[in-house]
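Enquirer: Structure for this input, please:
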Amino acid sequence: MLLALVMLQAATLGATNYAADQPIAAPARAPDFADEFAGNAVDSANWRFDTSHNRTGWPNHELEYYGPDNARVVGGALEIVARRERPDKPDAGGQAYTSARMVSRRDFGYGFYQIRAQLPCGRGTWPAIWLLPDQGPWPAKGEIDIMEMVGWNPNVVHATVHSAKFNHVLKTQRGAERPVPTACTAWHDYQLDWRPDAILIGVDGRAYMRVANDQPGGAAAWPFDKPFKMILSLAVGGDWGGAKGVDDAALPQMMRVDYVRYWKR
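Expert: Modelled structure (predicted):
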């Protein structure tokens, strides 16, 4: 999910210019961090809920109100639920939809990431698993989108990285897409291998995007050398997710996450 506080004109925020096809695999050892969602509620030691733009409206013209009431742990899995409802909260901004956006408490960096998830497919939904630093203006601070999907184009997942020099506003974003025919009906492993020299993103053991640290420009081209937070979110509408409207009859929809695992490098 892009954090640009600007008017976006593009019909799609994805990119197809950095396609790859190579193996990608988690380390054989135990992860350095894991949330298996084995309890009865979201673990507040691992996650916080981002509600910062509820009153003023979220970037990309998204339509949802984010709050903790839309995230639950059921049967060993996290469920982030998007609903057609008007929130009755002090910080509401007149939204007609609710959902949740969870941000990791800890910082992450170089390493291998594996998030097992099942996605929603309703038109107007915009699930995402992504990384963003706490501080700095977008896009200079960088963004890594491990997985995005828009409900009007179901079963096609997108991987994208953004920086000051390479981003969708300039139409220079770097990324790739891959069909996942059962993205909404089965569990899949969404994976990131983040190294100093390259970023690979894949699904189920196969990388479909590779972006190398080989462009001039310093941090403008490669800001991916500092701590990032992980974000799990399910937006409704927006410049990309809502490009073909929102199917209210398809709601509620949910993104389910079986686990989040990270191996530090």
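Enquirer: Can you give me every residue that contacts residue 77?
Expert: Residues counted as contacts of residue 77 (C-beta atoms under 8 Å, 6 or more residues apart in numbering) are 37, 256-258. No exception for glycine: its C-beta is placed from N, CA and C like everyone else's.
Enquirer: Now do it against residue 205, distance only.
Expert: For residue 77, the distance to residue 205 (C-beta to C-beta, to the nearest Å) stands at 21 Å.
Enquirer: tell me the two of the contacts of residue 77 that are most distant?
Expert: Greatest spatial distance among those (C-beta to C-beta): 37 and 256, at 9.4 Å.
Enquirer: Specify which residue of those two has the higher count of neighbours.
Expert: residue 37 (23 against 19; other C-beta atoms under 10 Å).
Enquirer: hang on, that one packs against residue 80?
Expert: No - here residue 37 does not reach residue 80: they are 11.3 Å apart, not a contact under C-beta atoms under 8 Å.
Enquirer: For these two, list the residues in contact with both.
Expert: Common neighbours of residue 37 and residue 80, using C-beta under 8 Å, 6+ apart, are residue 257.
Enquirer: mind saving the C-alpha coords of the lengthiest strand in the chain as PDB?
Expert: Using DSSP state E, we find that the single longest strand of the chain is strand 253-264. Taking C-alpha atoms only, strand 253-264 is exported to PDB below (Å, rounded to 0.1, in the frame of the first residue of the first chain):
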ATOM      1  CA  GLN A 253     -14.400  -9.800   3.100                       C
ATOM      2  CA  MET A 254     -11.400 -10.900   5.000                       C
ATOM      3  CA  MET A 255      -7.700 -11.500   4.700                       C
ATOM      4  CA  ARG A 256      -6.500 -14.400   6.700                       C
ATOM      5  CA  VAL A 257      -2.900 -14.800   7.900                       C
ATOM      6  CA  ASP A 258      -1.800 -18.200   9.200                       C
ATOM      7  CA  TYR A 259       1.600 -16.900  10.400                       C
ATOM      8  CA  VAL A 260       4.300 -14.300  10.000                       C
ATOM      9  CA  ARG A 261       8.000 -15.500  10.100                       C
ATOM     10  CA  TYR A 262      11.300 -13.700   9.800                       C
ATOM     11  CA  TRP A 263      14.800 -15.000   9.600                       C
ATOM     12  CA  LYS A 264      17.400 -12.300  10.200                       C
END
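Enquirer: i'd like the first residue to be 24 from this point on
Expert: Done: numbering now begins at 24, and the last item shifts to strand 276-287.
Enquirer: What strands flank it, and is each parallel or antiparallel?
Expert: With DSSP bridges as the test, strand 276-287 is paired with strand 56-58 (antiparallel), strand 100-107 (antiparallel), strand 134-141 (antiparallel).
Enquirer: re earlier: if we take the contacts of residue 100, which one ends up nearest to residue 218?
Expert: Closest approach to residue 218 among those (C-beta to C-beta): residue 280, at 24.4 Å.
Enquirer: Quick check: beta-bridge partners of the closest residue to the closest one other than its chain neighbours?
Expert: In this structure, residue 280 finds its nearest non-sequential neighbour in residue 101, 4.2 Å apart by C-beta to C-beta, 6 or more residues apart in numbering. Taking DSSP bridges as the rule, residue 101 bridges to residue 96, residue 280.
Enquirer: quick one: contacts for residue 101?
Expert: 60, 65, 94-95, 255, 279-281.
Enquirer: at 10 Å what do you get?
Expert: Shown in contact with residue 101 (C-beta atoms under 10 Å, 6 or more residues apart in numbering): 58-60, 64-66, 70, 94-95, 123, 125, 140, 255, 277-283.
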